[in-house]
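Student: here's my sequence, what's the structure:
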Amino acid sequence: MSLVYNEGTMDEIPDTFNDWREARRFRAWELKQKGWKQCDIAEALGVTAGAVSQWMKRVREGGLEALRSRKGGGPKPKISKEELQQLPEFLERGPEAYGFRGDVWTRPRVGAVIAYSGQAVHLFRGCRPPVGAKRR
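Tutor: Residues are numbered from 1 along each chain as shown. The predicted model follows:
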């Protein structure tokens, strides 16, 4: 089955892109419109034929806009931007200020400090305030 997208023309390809991956997807579309085979497009762009196939399917189902970069999924941050901005201040004090031995920050230690310093929630499971740590 050949891909013919009547509404989409080369004129609809944007001049600017959000990132290089998005530009690559639009380049694949452009090459397809010039009659290139998907396997040749894949080789030219350094991707798999399956990736090109998925991109062409996106265009069929959602138009050229479907080739645009999408916002990443994943869980929402557990602390606010304001709380995150305060983190360097806490970390500058060093681990020993919070009752840890040694001057090395680890992920569990950072999580414990965030949880203990009155921030929104525990960032990491299983973290507890350090023994003998003083509240801010």
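Student: okay, which residue is most central for this protein?
Tutor: Among the residues of the chain, the one closest to the centroid is G72, at 4.9 Å (CA atoms, centre = their mean).
Student: report the secondary structure state of it.
Tutor: coil (DSSP: H, G, I helix; E, B strand; the rest coil).
Student: okay, it: pLDDT?
Tutor: The per-residue pLDDT reported for G72 equals 75.
Student: how are the strands of the protein distributed by residue range?
Tutor: In the chain, no segments count as strands under DSSP state E.
Student: got any ranges where it has weak pLDDT?
Tutor: Counting by pLDDT under 70, the chain shows low-confidence ranges at 1-11, 117-136.
Student: relative to A115, how far out is Q86?
Tutor: Counting by CB to CB, to the nearest Å, the separation of Q86 from A115 is 14 Å. The way it works is simple: take the backbone N, C-alpha and C, and place the C-beta from them, glycine included.
Student: on that earlier part again, tell me the phi and psi of the residue nearest to the centre of the chain?
Tutor: Dihedral pair for G72: phi -60, psi 150, per degrees, to the nearest 10.
Student: try the one 4 residues further on
Tutor: For K76, the backbone dihedrals (degrees, to the nearest 10) come out as phi -70, psi 150.
Student: so what's the residue count around F100?
Tutor: As a burial measure, F100 scores 20 neighbours (other CB atoms under 10 Å).
Student: what do you get for N18?
Tutor: Residues near N18, counting by other CB under 10 Å: 11.
Student: T16 versus the residue nearest to it when sequence neighbours are not counted, what's the distance?
Tutor: Closest residue in space to N18, ignoring its immediate chain neighbours: S69 at 4.4 Å, by CB to CB, 6 or more residues apart in numbering. Counting by CB to CB, the gap from S69 to T16 is 12 Å.
Student: which one's more surrounded, the two?
Tutor: Taking other CB under 10 Å, S69 and T16 do not tie; S69 has more neighbours (12 against 6).
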